[in-house]
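Asker: here is my input, please return the structure:
(chains A and B)
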Amino acid sequence: MNGVHDMGGMHGFGPVEPEANEPVFHAPWEGRVLALRRAAGAWRRWNIDAGRHSIERLPPADYLRMSYYEKWLASSIRLMLDAGLITPQELATGRRDPTSPIATPPLTADKVPVAIAAGGPTLRQISAQPRFATGAAVRARDINPTGHTRLPRYVRGRQGVIECHHGAHVFPDSNSRFEGEKPQYLYTVRFAARELWGDSAHASDSVHLDLWEDYLNAA
Amino acid sequence: MSHDHEHDHDHDHGQDVPSDTALRVKALESLLIEKGLVDPAALDAVVDTYENKIGPRNGARIVARAWTDPDYKARLMGDATAAIAEMGYTGAQGEHMVVVENTPEVHNLVVCTLCSCYPWPVLGLPPVWYKSSAYRSRAVIEPRGVLNEFGLSVPDDVAVRVWDSTAEIRYLVLPERPAGTDGMDAEALAALVTRDAMVGVAKVAGPAAKEGA
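Answerer: The predicted structure is shown next:
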């Protein structure tokens, strides 16, 4: 979707402001939000792409105003409601619907180290051969899907060069809609900065993106 | 934590009054525990992992070893995921790793314009500035301006390569080894390597520069 999250190349956000001696969490609730998302995610009612899309679908003004963990909190609630893990009534009252069964958590403390160390690899084996060879000229497709995509607006329609492929990976556009992983080759594509931003960009600079085969045409 | 007050969304207002957000999180956590959906001990374990066990010291050990062990560096540049796993760092938000090397001709900078992708197993959770709209919007269009704000002026004859983390490949910058470190072992070198250098917004300062800073 052409959302405000797709901010590569936008102006007006001011300087980058690093914080000296920044703590991992600025308040204890931030850590709890991270942990709740991880623990609730262990129910496997959504996937990482659907999770990202739920953040992108926050109203644009809210997206820009909210902190990272505020966005995670809002999106986690949305995901849990949509998945039926909790009901709007339970969320409003803060109490379990007494007619609902009590579940057994899939992620227990003893499983946390293994779960974090395993993560969720997206590499898949497919029989097809890569469509594009290293060094091939490609053009990012000019598409404007209303759902989740990882093709930023600032490269759509622009020409680049295949640097390498990383094997076949889960395709976020379909996976976010729970329409299957549709694994396909993932390429690192190098775009000259001037191809993206015009002559004011430095002649030798470049921007590299990892793009799925469905995002690319031969140039 | 003394920095809470720099982020007015994030902190507890007043001395002992929890913020609305803190109360909402507490209520949600209580509900999920009551429903048996989450294990409170698992929540503690996740927080402890990211607060105390995983952070940029992991990445610094990778960099220092690459500087001191040519065979390791070759493995790291060839298959970063496997070489980083050798050191015990794997998993969530680092399932597929690529290392990009800074040289006298090339400076690398990592961003995620679409969200906040970052190599957690080797750098821990990202700092607020990495997740900010300013960094995400500007790193791709004016990387040299952003680097200048970090105090790093990249000469015209050095190419800047920006890596926008659009997929599940996570990037770690291998900084240049600073001058004046010839006799140092990997442990001493690792102590010089900063998170910012491994994202690409800084260089690694040598021991003399560090003491003088």
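
Asker: what's the longest helix in chain B?
Answerer: With secondary structure taken from DSSP state H, chain B has its longest helix at helix B:20-34.

Asker: B:T21 reaches A:W72, doesn't it?
Answerer: No. With contact defined as C-beta atoms under 8 Å, B:T21 does not count as touching A:W72 (11.2 Å). C-betas here are computed from N, CA, C, even on glycine.

Asker: domain ranges for chain A, per the record?
Answerer: With domains defined by automatic domain parsing, chain A comprises A:28-118, A:123-218.

Asker: mean confidence score for the last one?
Answerer: In other words, domain A:123-218. Mean pLDDT, domain A:123-218: 98.

Asker: same thing with the first one?
Answerer: Regarding domain A:28-118, the rounded mean pLDDT is 97.

Asker: mind listing the strands for chain B?
Answerer: For chain B, applying DSSP state E gives strands covering B:96-101, B:106-111, B:159-164, B:169-174.

Asker: give me the sheet partners of the third one and which way each runs.
Answerer: For strand B:159-164, the paired strands and their directions (DSSP bridges) read strand A:206-212 (parallel), strand B:106-111 (parallel).

Asker: hmm, who's touching it?
Answerer: A:8, A:152, A:193, A:202, A:204-209, B:100, B:105-114, B:139-140, B:143-144, B:147, B:154, B:171 (C-beta atoms under 8 Å, 6 or more residues apart in numbering or on different chains).

Asker: of those, keep whichever come out buried.
Answerer: Taking 16 or more other C-beta atoms under 10 Å in any protein chain shown as the criterion, what is buried in the contacts of strand B:159-164 is A:8, A:152, A:193, A:202, A:204-209, B:100, B:106-114, B:139-140, B:143-144, B:147, B:154, B:171.

Asker: so for B:A186, which of the strands of chain B sits nearest?
Answerer: strand B:169-174 (13.9 Å; C-beta to C-beta).

Asker: can the closest one be found next to chain A?
Answerer: Yes. Shown here: strand B:169-174 in contact with chain A (C-beta under 8 Å from any C-beta of the partner chain) through B:I169.

Asker: the residue nearest the centre of chain B: what's it in contact with?
Answerer: Closest to where the C-alpha atoms of chain B average out (C-alpha atoms, centre = their mean) is B:L123, at 3.7 Å. B:L123 makes contact with B:55-56, B:58-59, B:172, B:195, B:198-199 under the criterion C-beta under 8 Å, 6+ apart.

Asker: and which of the residues you listed is nearest chain A?
Answerer: Chain A has its nearest neighbour among these in B:G55, at 7.6 Å by C-beta to the nearest C-beta.

Asker: state the pLDDT value of the closest residue to that closest one other than its chain neighbours.
Answerer: Closest residue to B:G55 apart from its sequence neighbours, by C-beta to C-beta, 6 or more residues apart in numbering or on different chains: B:G124 at 3.7 Å. Note for B:G124: predicted pLDDT of 98.

Asker: need the residue closest to the centroid of chain A.
Answerer: Centroid check for chain A by C-alpha atoms, centre = their mean gives A:R52 as the closest residue, at 4.3 Å.

Asker: confidence-wise, which helix or strand of chain B is lowest on average?
Answerer: helix B:207-212 (a mean of 60; mean pLDDT, DSSP states H and E).

Asker: nearest to B:T166, out of the strands paired with strand B:159-164?
Answerer: Using C-beta to C-beta, the strands paired with strand B:159-164 put strand A:206-212 closest to B:T166, at 4.8 Å.

Asker: which residues touch that closest one?
Answerer: For strand A:206-212, using C-beta under 8 Å, 6+ apart, the contacting residues are A:140, A:150-152, A:155, A:160, A:163, A:166, A:169, A:171-173, A:184-193, A:196, B:140, B:159-167, B:169.

Asker: and the helices in chain A?
Answerer: Remark: helices assigned in chain A by DSSP H are A:28-41, A:48-56, A:60-65, A:68-82, A:88-93, A:112-118, A:172-175, A:193-197.

Asker: using a markdown table, lay out those together with distance to chain B.
Answerer: Shown next, in a markdown table, are those (distance: least, C-beta to the nearest C-beta, whole Å):
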| stretch | distance to chain B |
| --- | --- |
| helix A:28-41 | 4 |
| helix A:48-56 | 6 |
| helix A:60-65 | 7 |
| helix A:68-82 | 5 |
| helix A:88-93 | 6 |
| helix A:112-118 | 4 |
| helix A:172-175 | 8 |
| helix A:193-197 | 5 |
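
Asker: just name the most buried of those helices.
Answerer: Neighbour counts (mean count of other C-beta atoms under 10 Å in any protein chain shown) averaged over each of these peak at helix A:28-41, with a mean of 23.

Asker: so who does A:W43 touch?
Answerer: A:83, A:85, A:106, B:37.

Asker: give me that answer again for 10 Å
Answerer: With contact taken as C-beta atoms under 10 Å, 6 or more residues apart in numbering or on different chains, A:W43 is in contact with A:79-80, A:83, A:85, A:103, A:105-107, B:37-38.

Asker: out of these, which is nearest to B:G94?
Answerer: A:L107 (19.0 Å).

Asker: ok, that closest one touching A:A118?
Answerer: No. With contact defined as C-beta atoms under 10 Å, A:L107 and A:A118 do not form a contacting pair (11.9 Å).

Asker: before we move on, back to that, which residues are in contact with each of B:T21 and A:W72?
Answerer: A:30, A:33, A:66.

Asker: name the nearest residue to the first one, ignoring sequence neighbours.
Answerer: Translated: A:E30. A:Y69 (4.2 Å).

Asker: identify the residues contacting the one you found.
Answerer: Counting by C-beta under 10 Å, 6+ apart, A:Y69 has contacts A:25-27, A:29-34, A:37, A:76, B:9-10, B:21, B:25, B:131.

Asker: try A:S54
Answerer: Under the criterion of C-beta under 10 Å, 6+ apart, the contact list for A:S54 reads A:46, A:71-72, A:74-79, A:82, A:148, A:176.

Asker: how many neighbours does residue 58 have?
Answerer: In the absence of a named chain, this looks at chain A. 20 (other C-beta atoms under 10 Å in any protein chain shown).

Asker: ah, no, chain B please
Answerer: When neighbours are counted by other C-beta under 10 Å, B:N58 comes out with 23.

Asker: distance-wise, check it relative to B:L174.
Answerer: 14 Å (C-beta to C-beta, to the nearest Å).

Asker: just give the number of residues close to the residue nearest to B:G55.
Answerer: B:G124: 23 surrounding residues under other C-beta under 10 Å.

Asker: tell me who's in contact with the nearest residue to B:E168 once chain neighbours are set aside.
Answerer: Leaving out its chain neighbours, the residue that sits closest to B:E168 by C-beta to C-beta, 6+ apart is A:T122, at 4.4 Å. Each residue near A:T122 by C-beta under 10 Å, 6+ apart is listed here: A:47-49, A:166-172, A:175, A:181, A:183, A:186, B:95-96, B:167-169.
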